[in-house]
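> can't give you the sequence, but here's the structure:
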């Protein structure tokens, strides 16, 4: 059974740890307070594509502390949200220690991400947010072109995929993930990527938020929204992303592999 810990910090929030890995940072009193840089990037993309305060339907693959669902509820009250989180022990602990706000429409389903997405109705989501980890790695069956095909079916015509796809410098794994997304969402300008500048420059392992849509993305607006947050981050549009991931080979279900493992963070804490 996974070991779940809740580590309070001086910022008024709590970090949810699972088997020693930081899963989420939650501020119950201020759900718009986002600490993890890639969660800020995801929020910025949602703000760019589906501006607040209109409600949106969101499916989250991976739940942990339910940080982003709380943010969506706070910024877009009334938004119906589905969270696919197979770890029922983790969900129960989070609900007890970090209660959800009143009036929320967040529904947590105890399902693995891939079969959970496959069971969703066509054109049922404004956004699919993928932020799932198993033993510190993004699961293999969420990296494939077949998975992207299911996401494309679930998204509305104006929908967007926002996916955390961490990788090491060189982006060998990410290049294959991008190739799969491009094969499904193949329109000009329909892909983008957001990451910390040192990750984009290939200086370290890090989270990369892949963005894909059925129609061209407003990359300038994504940059503007990303710039509202404090971390030094960059946005790659479709053409630049294609150059950075040239040679990437589509990952199929038959060749599926999880994303690389993050290096040991040592004495991890929220700064």
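The structure has been received and is ready for your questions. What you see is a predicted model, and the numbers here were worked out from it, not measured in a lab.
> make it CA atoms for all contacts and neighbour counts henceforth
Will do.
> mind listing the strands for the stretch 151-271 of the chain?
155-164, 191-196, 208-213, 233-236 (DSSP state E, counting those that start in this stretch).
> Dump those into JSON lines; add distance to residue 16, mean pLDDT and mean neighbour count as well.
Shown next, in JSON lines, are those (distance: least, Cα to Cα, whole Å; pLDDT from 0 to 100; neighbours: other Cα atoms under 10 Å):
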{"stretch": "strand 155-164", "distance to residue 16": "18", "mean pLDDT": "97", "mean neighbour count": "23"}
{"stretch": "strand 191-196", "distance to residue 16": "22", "mean pLDDT": "97", "mean neighbour count": "25"}
{"stretch": "strand 208-213", "distance to residue 16": "21", "mean pLDDT": "98", "mean neighbour count": "26"}
{"stretch": "strand 233-236", "distance to residue 16": "24", "mean pLDDT": "97", "mean neighbour count": "21"}
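> possible to save these as JSON lines with distance to residue 220?
Below are the strands of the stretch 151-271 of the chain laid out as JSON lines (distance: least, Cα to Cα, whole Å):
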{"stretch": "strand 155-164", "distance to residue 220": "16"}
{"stretch": "strand 191-196", "distance to residue 220": "11"}
{"stretch": "strand 208-213", "distance to residue 220": "14"}
{"stretch": "strand 233-236", "distance to residue 220": "9"}
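> of all those, which lies closest to residue 4?
When the strands of the stretch 151-271 of the chain are compared by Cα to Cα, strand 155-164 sits nearest residue 4, at 21.9 Å.
> Note down every partner strand of the closest one and its orientation.
According to DSSP bridges, strand 155-164 forms sheet pairs with strand 125-130 (parallel), strand 208-213 (antiparallel).
> Including distance to residue 118, could those strands go into CSV?
Formatted as CSV, the strands paired with strand 155-164 follow (distance: least, Cα to Cα, whole Å):
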stretch, distance to residue 118
strand 125-130, 12
strand 208-213, 18
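> Out of these, which is closest to residue 164?
Across these, residue 164 has its closest neighbour in strand 208-213 (4.5 Å, Cα to Cα).
> how far does the closest one sit from the chain's center?
Offset of strand 208-213 from its chain centre (Cα atoms, centre = their mean, to the nearest Å): 9 Å.
> what angle do that strand and strand 191-196 make?
Here strand 208-213 points in a direction 160 degrees away from that of strand 191-196 (axes from the mean of the first three to the mean of the last three Cα atoms, to 10 degrees).
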